[in-house]
Structure formats: C-alpha cells, structure tokens
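Chemist: what follows is a predicted protein model with its sequence.
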Amino acid sequence: MNPSLIFHLNSELLEGPVFDHKENLLYFVSILDYLVFCYNPSTRAILSVKLDSPVSCIFLLHRKRIVVASKNGFFEVDFNTLQKKFSFQIDIANSVRYNDGIKDPEGRFIIGTMGFPEVKDNIGKVFSYSEGKSKVIIKDTTISNGLAFSQDGLSLYFIDTPTKKVAKFAYDMEIGDVSFESYVIEFNGVGSPDGMCMDDEGMLWIAEWGGGCVSRWNPKNGRKMDERKLPCPNVTSCCIDNHLNLYITTAKSSKDDMYGGGLFYIELN
C-alpha cells in the first residue's frame, strides 16, 4: 500500500503522466529538462527524448508514437526510433507556456497555458486544436492544470490551481465548446489541486501541490473519499494503469527534498 519509487533523476519538475492501456506503456515529462520519457512496466526500461524548450504534456497516437507539447510547439515523437519532428503550433504569447492537456473523445487536443518564466494572474487560456485550427474554450486562467472528461464525455472537469477548486463544464462534443456549470470540489487544506485523472468508477484522483498526497473525490457531491500520502510535498499529477493502480509524478520543493521529482507507483488493488 506504500508508494514505490519507480524513477528518480533529480528532476525539478516531473509532470503529465499518461498511460497507454493498449500498449501497456507509461509516458511522462520533465518540464524544465525538456525531456519526455517512455516507461515499460514489464521490462522496467525507460527511454527518453529531449526537445528544445520546456515540455508539458503528452497525447497518445499509437505504437509508441506520441505528440508532446513544448513551448516551441507540438512535436511528434517516435519511441520506436527515438526520432522527433515538428507537428504544429498554436498562436500563444511569448510570456506563457503549455501545461496540462487531454484529448477529447473525438480526438481534439485540449491544452491549457500559464505564465512562463513568471506566473501571472489571468493570462492563461485553455485551447482546443483539431485539423489545423485552434480556438480558446476557457479564458483568464492563471495555472491551467488538471483536465478530465466524465465517462460519458458530456462534462469536462478543470483545475485552475490558485482557485483551489475543480470546475465542471458542460462539453459539446459536436463542436468542442464548453459552458461553465459549477464548482464541484473545493480544497480547504494546505494542498492545492494540480493534475488529475478519472478512475473506472467516475471518481477523480487529484494530485495535491503542497499537500504531499493524491486524494480521491466524488465530483457528484464534492466529497473526499480517500487519500494516499507521498514522501514529498509537491505532487503534480497522476494516472491509472491497466491494474487500476496509480502512477504519480512529483516536483522538488527544496534542495533537501530527497524524493521530490520522482515517479511513484501506488497499488490501490
């Protein structure tokens, strides 16, 4: 039941874990090292590819091929060959970088931005990109973080970390637009919500920056259902694997933080 340390490279900021359930592979990034990783749980082999600017999140393609967002654009990375090539860019300001993202059920790329190198209030946006066209679907965010779709795809849950809340948006699958409905979860402790994922029961697992844990919440009533501690305060994101267990990324809080910046695994079942 204790978290297992899977990988530690003394990174400052690990983020964006995504599990490929078909290929049984985990992808994640080290944002400020410009690195994207592919981890094979069966062999414990880890491959990496380096880009030329901060990386933030991963979108699965197929057979060890992904698209990864970097400040200088979106790149297709092939972990069969360890080759990368530029794919596309969205028109964003020089003062921001991409952060968390997700694909919608129709294959659109949904991705948020935040101030970089300095975080500034309300300069972020959440974009939708498909077939060469992009549009803003959420405005005036500060640190765009966790994104998760409901199981029916009709709701999009979203975290703007400084609000310490999870927002629920109605999602129009046909045109890819959102409309705000309500805040469904609020954090009142020391931790702030960062990345998140949804489990097979429709519950949200949320990484707590400053809270040293991942916590499980019911988005229908806003109640906290579970909590799993990590040996470092800044927990950045999480995803579910084929065994319904959790991979968790973390960030360093200080030079004395021995475990921050590590990738962890928690057996829930």
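Modeler: Thanks, I have the structure now.

Chemist: from here on, contacts and neighbour counts on C-alpha atoms
Modeler: OK.

Chemist: low-confidence stretches in the stretch 1-150 of the chain?
Modeler: 1 (pLDDT under 70).

Chemist: residue boundaries of the strands in it?
Modeler: Taking DSSP state E, counting those that start in this stretch to define them, one finds strands in the stretch 1-150 of the chain at 4-8, 14-20, 25-30, 35-40, 45-50, 55-60, 65-70, 73-78, 83-88, 96-103, 109-115, 124-130, 133-141, 144-149.

Chemist: which one of those lies closest to K252?
Modeler: strand 14-20 (8.8 Å; C-alpha to C-alpha).

Chemist: what is the burial count for L268?
Modeler: Neighbourhood size, L268 [other C-alpha atoms under 10 Å]: 12.

Chemist: list the buried residues in stretch 221-236.
Modeler: Neighbour counts over stretch 221-236 (16 or more other C-alpha atoms under 10 Å) mark 224, 229-236 as buried.

Chemist: could you dump the residues you listed into CSV and include distance to C197, secondary structure and pLDDT?
Modeler: Shown next, in CSV, are the buried residues of stretch 221-236 (distance: C-alpha to C-alpha, whole Å; DSSP: H, G, I helix; E, B strand; the rest coil; pLDDT from 0 to 100):
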residue, distance to C197, secondary structure, pLDDT
K224, 15, strand, 97
K229, 17, strand, 97
L230, 17, coil, 97
P231, 20, coil, 96
C232, 20, coil, 96
P233, 19, coil, 97
N234, 17, strand, 98
V235, 13, strand, 98
T236, 12, strand, 98
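
Chemist: which among these gets closest to L35?
Modeler: Closest to L35, out of all of the buried residues of stretch 221-236 and judged by C-alpha to C-alpha, is T236, at 16.1 Å.

Chemist: relative to G101, how far out is that closest one?
Modeler: 13 Å (C-alpha to C-alpha, to the nearest Å).

Chemist: and what of M225?
Modeler: For M225, the distance to G101 - C-alpha to C-alpha - is 25 Å.

Chemist: residues in contact with F149?
Modeler: By C-alpha atoms under 8 Å, 6 or more residues apart in numbering, F149 lies in contact with 104, 155-157, 198.

Chemist: just give me the closest of those to P3.
Modeler: Closest approach to P3 among these (C-alpha to C-alpha): M198, at 19.2 Å.

Chemist: list the contacts for the closest one?
Modeler: Applying C-alpha under 8 Å, 6+ apart, we find M198 in contact with 148-150, 204-205, 239-240.

Chemist: at 10 Å what do you get?
Modeler: Contacts of M198 were listed using C-alpha atoms under 10 Å, 6 or more residues apart in numbering, and they are 147-151, 157, 204-206, 216-217, 219, 238-240.

Chemist: just the buried ones from the residues you listed?
Modeler: The buried subset of those (16+ other C-alpha under 10 Å) comprises 147-150, 157, 204-206, 216-217, 219, 238-240.

Chemist: distance to F116 added to those, as CSV?
Modeler: Output for the buried ones among the contacts of M198, formatted as CSV (distance: C-alpha to C-alpha, whole Å):
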residue, distance to F116
L147, 20
A148, 24
F149, 27
S150, 30
Y157, 24
L204, 28
W205, 27
I206, 23
R216, 30
W217, 30
P219, 31
C238, 23
C239, 25
I240, 29
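
Chemist: hey, what's in contact with both of T236 and G101?
Modeler: Common neighbours of T236 and G101 (C-alpha under 10 Å, 6+ apart) are 16, 145-146, 195.

Chemist: my read: G132 touches Q89, true?
Modeler: Yes - taking C-alpha atoms under 10 Å as the definition, G132 is a contact partner of Q89 at 9.1 Å.
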